[in-house]
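could you look at this predicted model? Sequence included:
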Amino acid sequence: MKTVSATPLITEKNIKSLPGFGYLAATIFGLMLSIWSISQGGNVLFWSAIIALLIFGLFGLYIVNPNEAKALLFFGTYQGTARTPGLKWNCPLYNKKNISLRVRNFESPKLKVNDHDGNPIEIASIIVWRVTDTAEALFQIDDFEKYVHIQTESAIRNLAMKYPYDTHESTSGQISLHGNPDTVVEQLKNEVSARLQAAGVEIIEARLSHLAYAPEIAATMLQRQQASAIIGARQKIVEGAVGMVEMALKKLAENEIVVLDDERKAAMVSNLLVVLCGERSVNPIINAGSIY
């Protein structure tokens, strides 16, 4: 069985180029000298060859714009990358590939995936990135822009399956997509960066742009969230009411306003809890007779 060797990694290296304006000035001077020599009866064949070489040399001029780079190849062999902006000159036989170093961003489409609990959710993200190694971006990946998009979608799907959309009381310490956005986006950035190591791309920022339950379960999950909110609010109300009842009984006993036996304490506690925990306002009843 034959083994396939891994493709050698091609990394960026700097290439030295001559100043373009200096070469252009030298070429103009050479052309003028050649034309003058021919007009003075010089060797036409020789000076014509010089003119042809000077004109051919002009094809070695190239411009590097700010936040762009030129990768130079010599008959398929990578020679280096020029990053310094300006007019440059190098061998006319070099093939020059332009690549942008500007910061780019894109928003992934809304992906429908199942979270850690199996609930269908919709999730999308915004990725801010740029090329850092031109050789890897051009020669290690067929289409590095498409590669970034596909790997980002794969990372989002994997991230969504790791965590639940939201936590419950039984899993209050667990990381969730909705409850821990900072942790989630940091995980997303690290995972996308790991997938793009061979593409010469740096992930500057990653954040979620959309996160919601899928439409088919959104109404059910909304009812569950409302029920959880009501239960939490009721719990706070009961805790506060119990504290107020306890304080009322303690103050009555300390100030000796009234002496209550256990049965009447129980009745007072019941009445106070009904008043404090009820959803509607109560109608007081005045007892004009004896409390017994």
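Looks like it came in fine.

residues touching residue 19, list them.
Contacts for residue 19 were tallied using C-beta atoms under 8 Å, 6 or more residues apart in numbering; they are 86-89. Backbone N, C-alpha and C define where each C-beta goes, glycine included.

if we go to 10 Å?
Residue 19 makes contact with 25, 86-89, according to C-beta atoms under 10 Å, 6 or more residues apart in numbering.

swap in residue 60?
17-18, 20, 23, 27, 88-94, 96.

at 8 Å what do you get?
Counting by C-beta under 8 Å, 6+ apart, residue 60 makes contact with 23, 89-92, 94.

same deal with residue 22?
residue 89.

export the helix or strand containing it to PDB, keeping only CA atoms.
For residue 22, the host element (DSSP states H and E) is helix 20-39. Only the C-alpha atoms of helix 20-39 are listed here, as PDB (Å, rounded to 0.1, in the frame of the first residue of the first chain):
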ATOM      1  CA  GLY A  20      10.800  51.500  -9.600                       C
ATOM      2  CA  PHE A  21      11.400  55.200 -10.200                       C
ATOM      3  CA  GLY A  22      15.200  54.700 -10.300                       C
ATOM      4  CA  TYR A  23      14.900  52.000 -12.900                       C
ATOM      5  CA  LEU A  24      12.400  54.100 -14.900                       C
ATOM      6  CA  ALA A  25      14.700  57.000 -15.000                       C
ATOM      7  CA  ALA A  26      17.600  54.800 -16.000                       C
ATOM      8  CA  THR A  27      15.500  53.300 -18.800                       C
ATOM      9  CA  ILE A  28      14.500  56.700 -20.200                       C
ATOM     10  CA  PHE A  29      18.100  57.800 -20.100                       C
ATOM     11  CA  GLY A  30      19.200  54.600 -21.900                       C
ATOM     12  CA  LEU A  31      16.500  55.000 -24.600                       C
ATOM     13  CA  MET A  32      17.500  58.600 -25.200                       C
ATOM     14  CA  LEU A  33      21.200  57.600 -25.400                       C
ATOM     15  CA  SER A  34      20.400  54.700 -27.800                       C
ATOM     16  CA  ILE A  35      18.300  57.000 -30.100                       C
ATOM     17  CA  TRP A  36      21.000  59.600 -30.100                       C
ATOM     18  CA  SER A  37      23.700  57.000 -30.900                       C
ATOM     19  CA  ILE A  38      21.700  55.700 -33.900                       C
ATOM     20  CA  SER A  39      21.200  59.200 -35.100                       C
END
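
buried residues in it?
For helix 20-39, burial by neighbour count (16 or more other C-beta atoms under 10 Å) applies to 20, 23, 27, 30-31, 34, 38.

nearest to residue 65 among the residues you listed?
Distance to residue 65 across these (C-beta to C-beta) is lowest for residue 20, with 13.1 Å.

how about that closest one: what's its closest non-neighbour residue?
residue 87 (3.0 Å; C-beta to C-beta, 6 or more residues apart in numbering).

how about that neighbour, secondary structure?
Under the three-state scheme (DSSP: H, G, I helix; E, B strand; the rest coil), residue 87 adopts strand.

for it, list the residues it contacts.
So residue 87 contacts 19-21, 24, 61-63 (C-beta under 8 Å, 6+ apart).
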